[in-house]
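> Prediction below, plus the sequence it came from.
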Amino acid sequence: MYEMRLSELRRYSTIIRKHIIEEVYHAASGHPGGSLSCADIITVLYFDEMRVDAKNPGWEDRDRFVLSKGHCSPALYGALAEKGFFPKEELLRFRHIDSYLEGHPSMKMVPGVDMSTGSLGQGISAAVGMAIAGKLDKKDYYVYVLLGDGEIQEGQVWEALMSAAHYKLNNLIAFLDHNRLQIDGNITEVLSPEPVEEKFRAFGWEVINIDGHDHEQIINAIRKAKTVVDKPVMIVADTIKGKGVSFMENNADWHGSPPNKEQRDKAIAELDKLLAEMEGR
Amino acid sequence: MQKKIPTREAYGNTLAEIGCDERIVVMDADLSKSTKTVIFKEKYPERFFNMGIAEANMMSAAAGIASCGKIVFASTFAMFASGRAFEQVRNSICYPQLDVKIGASHSGITVGEDGASHQTIEDIAIMRVLPNMTVVSPADAVEARFATIAAYKTPGPFYLRLTRLAVPVIFDETYKFELGKGVTLKEGNDVTIIATGFMVSKSLEAVDILKQEGINVRLINIHTIKPIDKDIIIKAAKETGAIVTCEEHSVMGGLGSAVAEVLVENYPVPMKRVGIMDKFGKSGKPDELLEMYGLTPKDIVENVKELLKKR
């Protein structure tokens, strides 16, 4: 049973990766690399963990998700479309003038988006606010937030981390998409945020380190995070930028560049092959 | 002697007054004793959050709280609310149109001794260009109370510009405040003074001086800088033919610019802007600064006369 659940999640991740490629290809712009690296985390959240209702996106008791690295909207949109928040056809109009799928998520426009993000560092603060509101209202929802490892160079992130620990927000679970690449290159060469785990601990967070592409580890980390009573939890997820598309993996050039037709075909073929293997075809 | 109260004090008292609504949450960035949110804190400690000296985080966190159905008042000095946290106000609050009300105290040069680093003379300009933002600059404590209530009752982002200095109370409780509507305080047909904030009381003095010299001035109080009351401005231009604006803010981008924008597109008339002339403030007593920067009733009188000479 558990194996079936895991294989189903792996299948969803691959479908979301296909959406990412199609969205960015049809938009002829966007951010495939970081979207692919966080696809497994977003899959587990939306298809295994979070209490959400596609028919009632504003449900006040829902779990919240804030994509603090808002440029990875293709991954979030792929998951939301698969969950039924909006038609999948809309994904092909990502970033188009007549679509609500903005380059960076807008909570006013996209059903299922809990916070408008895009300017790095602000999403984690908004998530802190949502967690404070949850405590105030004595609600049992969780707030999940996904940060990029380049993003944490923003000073605001550390202000937010400090405030989350101060207010003992154990209803806040953050993920660091630790793919080690940002637009200009390796994070340690651009401006090193390392050692990240020690820093998060020093800021009063519980830290769990996992392989961010292993669905079982993601599930177990969330389960463990929910047992922490007096702290927010940071799940440091080791990931590969561009994960799942061979020629995009570990290459910062795919941070914000769309594939051309040939590259799109190659990527889709790789992902289709993976899907066929999963389905035992 | 006229009673004087800082508008920030009226703000803090009003927060405590409306705080019975459990949707209200108040945040501050280590300045609660200065912004007077401490008055709310004492009454409703469970709904008060001190976010420390971290204004960027406070603004985005306020947005997160507001997204959960709360009405959040986030307070700090105008410098940090409009300057330090500008982009958080823009992207976390205004873009998603969330119910965050920014109580920005210590605006203008009357901050006094703290000097230029804390004297915000750009905030009206910065805040009024933001889509979805309402900007209000109350003239006295009575108006500040009404403005705070308006912020509470009006959906969406709101910027309240407040003073550190105790300013003369010019209205009484019978005063009718309507968001977005200018108020004619003196009738006259020779020239119009349009003032906002603390400069309304200075303009009242100027009107009296001018009256003794036979010049009948119309005085309009524009508390709501955005959305601005176009009708009252155009009407004044048509009926008095000349306008002097008056604000404790840079002459660029503030009330003067907002009024000029209305006039050039509708009914251009000769105009002069009294305000801070593109320079930083400095340390000193508020009265000394008002004199040094040309914001006294005498300065207003001179500007009116110069404008009338040119007409």
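Yep, that arrived. Numbers count the residues shown, from 1 in each chain, chains lettered A, B, ... in the order given.

> Going along the chain, name the helices of the stretch 51-200 of chain A.
A:73-83, A:122-136, A:155-166, A:187-191, A:196-202 (DSSP state H, counting those that start in this stretch).

> what's the answer for the stretch 151-300 of chain B, then?
Using DSSP H, counting those that start in this stretch, helices in the stretch 151-300 of chain B cover B:199-212, B:230-240, B:255-266, B:286-292, B:297-310.

> what residue ranges in chain A score low on pLDDT?
A:1, A:281 (pLDDT under 70).

> what does it put close to chain B?
A:60, A:66, A:106-108, A:114-116, A:118-119, A:121-123, A:125-134, A:136-137, A:155-156, A:159-160, A:162-163, A:166-167 (C-beta under 8 Å from any C-beta of the partner chain). The way it works is simple: take the backbone N, C-alpha and C, and place the C-beta from them, glycine included.

> Separate out the buried members of these.
A:66, A:106-107, A:114-116, A:118-119, A:121-123, A:125-134, A:136, A:156, A:159-160, A:162-163, A:167 (16 or more other C-beta atoms under 10 Å in any protein chain shown).

> Which among the helices of the stretch 51-200 of chain A is found nearest to A:Glu279?
helix A:73-83 (16.3 Å; C-beta to C-beta).

> Name the residue of chain A that lies nearest to chain B.
A:Gly129 (2.3 Å; C-beta to the nearest C-beta).

> Quick check, that residue in contact with B:Gly64.
Yes - A:Gly129 lies in contact with B:Gly64 (C-beta atoms under 8 Å); the separation is 2.3 Å.

> Pull out the buried positions in stretch A:75-88.
Quick answer for stretch A:75-88 (16+ other C-beta under 10 Å): A:75-83, A:85-86.

> make that stretch B:26-45, sorry
B:26-29, B:31-32, B:34-41, B:44.

> Also near chain A: which of those residues, exactly?
Answer for the buried residues of stretch B:26-45 near chain A: none qualify (C-beta under 8 Å from any C-beta).

> wait, which of those is closest to chain A?
B:Met27 (8.9 Å).

> And the pLDDT at the closest one?
pLDDT, B:Met27: 98.

> before we move on, what SS does it have?
The three-state label for B:Met27, taken from DSSP: H, G, I helix; E, B strand; the rest coil, comes out as strand.

> ok, now how distant is it from B:Ile233?
35 Å (C-beta to C-beta, to the nearest Å).

> So chain B: which segments form each domain?
B:4-168, B:183-310 (automatic domain parsing).

> And B:Ala61, how far from chain A?
The gap separating B:Ala61 from chain A is 4 Å, by C-beta to the nearest C-beta, to the nearest Å.

> Next, the contact list for that residue, please.
With contact taken as C-beta atoms under 8 Å, 6 or more residues apart in numbering or on different chains, B:Ala61 is in contact with A:125-126, A:128-129, A:132, A:160, A:163, B:27, B:49, B:51.

> which one of these sits closest to A:Leu275?
Of the contacts of B:Ala61, the one sitting nearest to A:Leu275 (C-beta to C-beta) turns out to be A:Ala126, at 34.8 Å.

> my guess is that closest one contacts B:Tyr95, does it?
No - using C-beta under 8 Å as the test, A:Ala126 is too far from B:Tyr95 to be in contact (11.7 Å).

> rewinding a little: I'd like the buried residues of stretch A:75-88 as a markdown table, with distance to B:Thr184 appended.
Output for these, formatted as a markdown table (distance: C-beta to C-beta, whole Å):
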| residue | distance to B:Thr184 |
| --- | --- |
| A:Ala75 | 57 |
| A:Leu76 | 52 |
| A:Tyr77 | 52 |
| A:Gly78 | 58 |
| A:Ala79 | 57 |
| A:Leu80 | 52 |
| A:Ala81 | 56 |
| A:Glu82 | 60 |
| A:Lys83 | 56 |
| A:Phe85 | 51 |
| A:Phe86 | 51 |
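
> Could you give the backbone dihedrals for the closest residue to A:Val157 other than its chain neighbours?
Using C-beta to C-beta, 6 or more residues apart in numbering or on different chains and skipping the chain neighbours, the partner closest in space to A:Val157 is A:Gly121 (5.1 Å). A:Gly121 adopts backbone torsions of phi 100, psi -20, taken as degrees, to the nearest 10.

> quick one, what contacts A:Gly121?
A:68, A:151, A:154-157, A:160, B:56.

> now with 7 Å?
A:151, A:154, A:156-157 (C-beta atoms under 7 Å, 6 or more residues apart in numbering or on different chains).

> if you average pLDDT over stretch B:204-221, what comes out?
98.

> what about it, how long is it end to end?
Stretch B:204-221 has its terminal residues 10 Å apart, counting by C-alpha to C-alpha, to the nearest Å.

> Centre of the chain to it, how far?
22 Å (C-alpha atoms, centre = their mean, to the nearest Å).

> any idea how far chain A is from B:Gly214?
Taking C-beta to the nearest C-beta, one finds B:Gly214 at 55 Å from chain A.

> and the residue in chain B positioned nearest to chain A, how many neighbours does it have?
Nearest residue of chain B to chain A: B:Gly64, at 2.3 Å (C-beta to the nearest C-beta). As a burial measure, B:Gly64 scores 32 neighbours (other C-beta atoms under 10 Å in any protein chain shown).

> Equivalent analysis for A:Pro195, please.
10.

> same for whatever helix or strand B:Ala144 lives in, what does it pack against?
Counting by DSSP states H and E, the element that carries B:Ala144 is helix B:141-153. Where contact means 3 or more C-beta pairs under 7 Å, 6 or more residues apart in numbering or on different chains; DSSP states H and E, helix B:141-153 is packed against helix B:7-18, strand B:158-161.

> pull the CA atoms of the longest one into CSV?
As requested, C-alpha coordinates have been extracted for helix B:7-18 and formatted as CSV (Å, rounded to 0.1, in the frame of the first residue of the first chain):
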residue,chain,number,x,y,z
THR,B,7,-1.7,62.9,15.8
ARG,B,8,0.2,59.7,16.7
GLU,B,9,-1.4,59.8,20.1
ALA,B,10,-4.9,60.0,18.6
TYR,B,11,-3.9,57.0,16.4
GLY,B,12,-2.9,54.9,19.4
ASN,B,13,-6.0,55.9,21.4
THR,B,14,-8.2,55.1,18.4
LEU,B,15,-6.6,51.7,17.9
ALA,B,16,-7.5,50.9,21.5
GLU,B,17,-11.0,52.2,20.9
ILE,B,18,-11.7,50.1,17.8
